[in-house]
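Visitor: below is the sequence, then the predicted model.
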Amino acid sequence: MHTDSTAAVVKPPAVSADGVLFLYSPNLAVRVRYGSLSIGLGRGRSLTVDRATEPRLRRLVIAGHGWWTFEVPKWLDGIGASWLHLDLTGRILGCGPCEVSPDLPALRRAQALSAGSEVARVIGVDLLRRKIQGQAAALSVLSGTEQVQTLLRDHVAVLADCSEIEELRAAEAQAAVVFWQTLSGVPVRFISTDEPRVPASWRTVGRRASAVTGRPAGASTAAHALWNFAYSCAAGEVGVALRSVGLDPGISPTGLHADTACRASATYDVLEAIRGDIDRLVLTTILGRRFHRRDFVAQPDGRVRLTAPLARELAEAALPVAREAVAPIAERLARTLAAGVGGTSRVPHLATNLTGDGRSRGRDGIRRGSRKVPDVSVRMARNLLPAACRRCGVVFEDPAARHRQLCDDCLVEAQAEGVAAMVASGPAAVARMRASGDDPAKRPESRRKVGEANTRRTVERKAWDANHESADPELFRREILPAIQGLSLNRLAKATGLSKQYMGKVRRGLFVPHSKHWEALRGVAQSLAVAQRGLDAPDDL
């Protein structure tokens, strides 16, 4: 069994800027002490979260093992936070809403009776339309996918013509095949030192179906382990949102997912509508990072799961995206079920706590300007995973460094390697071109440039000679040549405007440059001598 020689860098637990606290430990102990949330992490480590902690806790994600007391859910409810318990494979073990679910029997009855009705078809079309449009938008981060995006959007028009749930499922399945086939060849990159230990199947996104289960569940590649975990985080947010508007996460209102035991069918119905947001987040992460081998674990049965550090980053990024995306969808679903198509609501007091839309409408009379609508692109940019060096994998914590590809150390190494490769390959490439009869120096454009440069220098030399006496070449060899022996060709070429190749021959004593360049060379040599002595240039007196 191969173990990583490099220890993983694990950030200490903390509430993220979007209010997510991710906990992982085999010995978690969560309880309420003195009005604060006290968290034991094992090995003498602990964490305390106060009610007034900034940023405010909104989602507690537990991916480890341990225990908590009965006071913990009540404490979370008191500050408006929810909890999500899952394992690192992405399996949801439990979740709880941020507040007591409104008890609306009429709404749950409408939800249970909607399957097979026109209301179910309308809801299904809307959810799948959002999914396919979102996945088409997610592909926009990949170059050369314009035709695929158009093809996916054509499937949206097909949805409107579907009269049965089975037809909706078939149209959605066709769009999904197109989407995942497009992604199957996208490379998944690892740092160079880990590449020999990465299985070949992990190097691309690959097929959506697992090689172990034959279904998307139970990922057998690194990319789909990322997708499954991100989808599970999003499903947890969807479940919380449905409970918060008074719906039952287990009863499908559309029939897209059959009501079976131990499955939150309504959650997976609504999850379809926000998959595009999660797809774009994961795809952008894959394109922008090089992973470590230690970020993933291959289990004995062939399934692949994330390790805690990467799972924490992904949860902190995916949960806020899902929370903001699902809020208006959950509220709209509740209103649609309560009213039916074209009817009036039979369920009073449908709140808009998730989006605050009701409070916002109440300010329409006094608001200055238009109502603010959340910008999806801004949300995605804010919640992308931090960028990492594509060579060593170190994570850039500074958001301003998101555009960087290499850290400072790796950048110096890459530049040195690039110069060495250019020095090694440049002359060989020119020799091959000359051998094939394509001499770059003999091309018409090259000849024209050389002729123009020679003409310009000839004019400059004649103008100089007309106003100066002729100089003795021996003076240059005796006084200037020894002084420029230690200067770089770049500096000499910059001082004179001549090529580095010519100045190399001058420095070796093969040529004597025109006397118009002697003063520039003498000045560069004197400045270097002063710098080496550590003295300031003498003042003119």
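Guide: Done, it's in. Numbering: from 1, shown residues only.

Visitor: relative to Gly239, how far out is Ala330?
Guide: Taking C-beta to C-beta, to the nearest Å as the measure, Ala330 falls 10 Å from Gly239. All C-beta spots, glycine's among them, are computed from the backbone N, C-alpha and C.

Visitor: other SSEs contacting the host helix or strand of Glu166?
Guide: Assessed by DSSP states H and E, Glu166 sits inside helix 165-183. Here helix 165-183 touches helix 118-138, helix 146-160, helix 265-288, going by 3 or more C-beta pairs under 8 Å, 6 or more residues apart in numbering; DSSP states H and E.

Visitor: list the buried residues in it.
Guide: Residues of helix 165-183 classed as buried by neighbour count (16 or more other C-beta atoms under 10 Å): Ile165, Leu168, Arg169, Ala171, Glu172, Ala175, Ala176, Val178, Phe179, Trp180, Thr182, Leu183.

Visitor: check contacts around the fifth one.
Guide: This points to Glu172. Glu172 makes contact with Leu128, Lys131, Ile132, His155, Leu159, Leu256, Glu272, according to C-beta atoms under 8 Å, 6 or more residues apart in numbering.

Visitor: how about 6 Å then?
Guide: Leu128 (C-beta atoms under 6 Å, 6 or more residues apart in numbering).

Visitor: where does the protein dip in pLDDT?
Guide: Where the chain drops to pLDDT under 70, the residues are 1-11, 97-101, 341-386, 390, 393, 396-403, 423, 530-541.

Visitor: does the residue located most distally from the centre of the chain count as helix, strand or coil?
Guide: Within the chain, Glu469 marks the point farthest from the mean C-alpha position, 67.1 Å out by C-alpha atoms, centre = their mean. Classification of Glu469 using DSSP: H, G, I helix; E, B strand; the rest coil returns coil.

Visitor: show me where the protein has strands.
Guide: Under the criterion DSSP state E, strands of the chain are mapped to 20-23, 28-33, 36-42, 45-49, 59-62, 66-68, 82-86, 92-96, 296-298, 304-306.

Visitor: got TSV for those, with mean neighbour count and distance to Gly214 too?
Guide: Formatted as TSV, those follow (neighbours: other C-beta atoms under 10 Å; distance: least, C-beta to C-beta, whole Å):
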stretch	mean neighbour count	distance to Gly214
strand 20-23	24	31
strand 28-33	16	34
strand 36-42	18	38
strand 45-49	14	41
strand 59-62	24	29
strand 66-68	15	34
strand 82-86	22	23
strand 92-96	16	21
strand 296-298	18	18
strand 304-306	23	15
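
Visitor: Arg448 is nearest to which of those?
Guide: strand 296-298 (57.2 Å; C-beta to C-beta).

Visitor: so who does Trp67 touch?
Guide: Going by C-beta under 6 Å, 6+ apart, Trp67 touches no other residue.

Visitor: one more pass at 10 Å, please.
Guide: Asn27, Leu28, Ala29, Val30, Arg31, Gly40 (C-beta atoms under 10 Å, 6 or more residues apart in numbering).

Visitor: report the beta-bridge partner residues of it.
Guide: Under DSSP bridges, the beta-bridge partners of Trp67 are Ala29.

Visitor: Gln485 and Ala525, how far apart?
Guide: For Gln485, the distance to Ala525 - C-beta to C-beta - is 9 Å.

Visitor: more neighbours: which of those two?
Guide: Higher neighbour count among Gln485 and Ala525: Ala525, with 22 against 10, using other C-beta atoms under 10 Å.

Visitor: what is the neighbour count of the residue nearest to that one when sequence neighbours are not counted?
Guide: Beyond its immediate neighbours in the sequence, the residue positioned closest to Ala525 (C-beta to C-beta, 6 or more residues apart in numbering) is Ala483, lying 3.6 Å away. Ala483: 15 surrounding residues under other C-beta under 10 Å.

Visitor: okay, Ala483 and Ser527: tell me how far apart.
Guide: Relative to Ser527, and taking C-beta to C-beta, Ala483 is found at 11 Å.

Visitor: CA atoms only for stretch 269-289, dumped as PDB, please.
Guide: Below are the C-alpha coordinates for stretch 269-289, written out as PDB (Å, rounded to 0.1, in the frame of the first residue of the first chain):
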ATOM      1  CA  ASP A 269     -37.000  16.600  -8.100                       C
ATOM      2  CA  VAL A 270     -36.100  20.100  -7.100                       C
ATOM      3  CA  LEU A 271     -32.400  19.300  -7.100                       C
ATOM      4  CA  GLU A 272     -32.700  18.900 -10.900                       C
ATOM      5  CA  ALA A 273     -33.400  22.600 -11.200                       C
ATOM      6  CA  ILE A 274     -30.100  23.700  -9.600                       C
ATOM      7  CA  ARG A 275     -27.700  21.000 -11.000                       C
ATOM      8  CA  GLY A 276     -26.500  23.400 -13.600                       C
ATOM      9  CA  ASP A 277     -25.100  25.800 -10.900                       C
ATOM     10  CA  ILE A 278     -23.300  22.900  -9.200                       C
ATOM     11  CA  ASP A 279     -22.100  21.600 -12.600                       C
ATOM     12  CA  ARG A 280     -20.500  24.900 -13.400                       C
ATOM     13  CA  LEU A 281     -18.900  25.100 -10.000                       C
ATOM     14  CA  VAL A 282     -17.300  21.700 -10.200                       C
ATOM     15  CA  LEU A 283     -16.300  22.000 -13.800                       C
ATOM     16  CA  THR A 284     -14.600  25.300 -13.200                       C
ATOM     17  CA  THR A 285     -12.800  23.800 -10.200                       C
ATOM     18  CA  ILE A 286     -11.500  20.900 -12.400                       C
ATOM     19  CA  LEU A 287     -10.300  23.200 -15.100                       C
ATOM     20  CA  GLY A 288      -8.600  25.600 -12.700                       C
ATOM     21  CA  ARG A 289      -6.700  23.300 -10.300                       C
END
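
Visitor: I figured the residue farthest from the centre of the chain hits Ser515, correct?
Guide: Yes: using C-beta atoms under 10 Å, Glu469 is in contact with Ser515, at 9.1 Å.

Visitor: mind listing what's buried along stretch 320-340?
Guide: Residues of stretch 320-340 classed as buried by neighbour count (16+ other C-beta under 10 Å): 320-334, 336-340.

Visitor: same deal with stretch 480-487?
Guide: So for stretch 480-487, counting by 16+ other C-beta under 10 Å, buried means Ile480, Leu481, Ile484, Leu487.

Visitor: show me what contacts the third one?
Guide: For Ile484, the contact set (C-beta under 10 Å, 6+ apart) comprises Phe476, Arg491, Leu492, Ala495, Met503, Val506, Arg507, Leu521, Arg522, Val524, Ala525, Leu528.

Visitor: how close does the residue most central in space within the chain sit to Leu152?
Guide: Closest residue to the average C-alpha location of the chain: Thr285 at 3.2 Å, with C-alpha atoms, centre = their mean. Using C-beta to C-beta, Thr285 is found at 21 Å from Leu152.

Visitor: kindly report the same for Val506.
Guide: From Val506 across to Leu152, the span is 64 Å (C-beta to C-beta).

Visitor: out of these two, which sits in the more crowded spot?
Guide: Leu152 (26 against 21).
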